[in-house]
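Student: would you be able to build a 3D model of this:
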Amino acid sequence: MKFKALSTLAGLFAGAVLTLGTPAHAADESLSAVLAKKSIALGVASDFPPYGYMGADFKLTGVDVATAQLIADKLGVKAEFVPVSTPNRIPYLQTKKIDLIVSALGKNPEREKVIDFTVAYAPFFQAVFGPKALNIKSFDDLDGKSIAVTRGTIQDDVLQKVAPPTLKIQRFEDDATTVAAFISQQTQLLATGAAVAAAAVQKNPQVQAEYKLLLKDSPNFIGVRKGETALLTKVNEILRAAKADGTLEKYSQKWLGRGTGVLPD
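Tutor: Now for the predicted structure:
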């Protein structure tokens, strides 16, 4: 009996030691850590208008930059902008060089395996662009017009489905050639992505091009490290409030030339 009691006691002691030696699951301190350091590192593009780019005053601007600044302001901390590229933005997040990705980031199943996403905050779209003087309100208005598009792209596919048969579609092999054809007035219209169009308009203001018709919409989300639920929840709260009070709509109109449309929650 004494031996059995000692064995039981030894087992309990070993279990206690094992429990003490095993660290508990780390608490999520993502939000408190940002508030404690009084700053947040935000990964933004610096060469991708109209989302993130250097303005004439050599300061970062664009819809992503404005959204990132809004988040910092609402958290009551300093915004530290860290320039990122498409290849390095997720690695930067995972290695804690940044706290959030705010850089025209789309959501897909592969990315969802490695990072988490907030609710959507802005559209990323393919569209028809043209001079302000040209009245285009519907696809029927493309009747008899000419348009430049890059061969085999999403916008090329959509155009073939929605445009009237009388639209003259001129296809080119890359975006640079497509834009050049429009800028030089070889065509009246341009079908491309928002970023490509914004860069073209920025470099060629004399064309006075603007958004005309939507071809395809896909929203942007903010990237958050896996498991950082506290920060994710707070950023979602900020974005939902900005959506409700019209702030996100204002940003979209200012930098993208159109409204946000329906942003998934």
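Student: now stretch 98-116: buried residues?
Tutor: Neighbour counts over stretch 98-116 (16 or more other Cβ atoms under 10 Å) mark 98-105, 107, 111, 115-116 as buried. All C-beta atoms are positioned from the backbone trio N, CA, C, and that covers glycine.
Student: looking at strand pairing, list the partners for the closest residue to G55 other than its chain neighbours.
Tutor: Sequence neighbours aside, T61 is the residue nearest to G55 in space, at 4.1 Å (criterion: Cβ to Cβ, 6 or more residues apart in numbering). Beta bridges link T61 to Y53 when assigned by DSSP bridges.
Student: now do T61, the pLDDT please.
Tutor: What the model reports as pLDDT for T61 is 97.
Student: before we move on, what about the one 5 residues further on?
Tutor: Note for A66: predicted pLDDT of 98.
Student: nearest residue to the middle of this structure?
Tutor: Geometric centre of the chain, nearest residue: A104, 2.4 Å, by Cα atoms, centre = their mean.
Student: so which strand or helix has that one?
Tutor: Using DSSP states H and E, A104 sits within strand 100-105.
Student: okay, now the sheet partners of that strand, with direction.
Tutor: strand 39-44 (parallel), strand 209-225 (antiparallel).
Student: so which residues make contact with that strand?
Tutor: 40-45, 48, 51-52, 64-65, 67-68, 71, 84, 86, 89-90, 92-93, 111, 115, 117, 124, 195, 220-224, 231, 235 (Cβ atoms under 8 Å, 6 or more residues apart in numbering).
Student: tally of neighbours for V149?
Tutor: Using other Cβ atoms under 10 Å, V149 is surrounded by 30 other residues.
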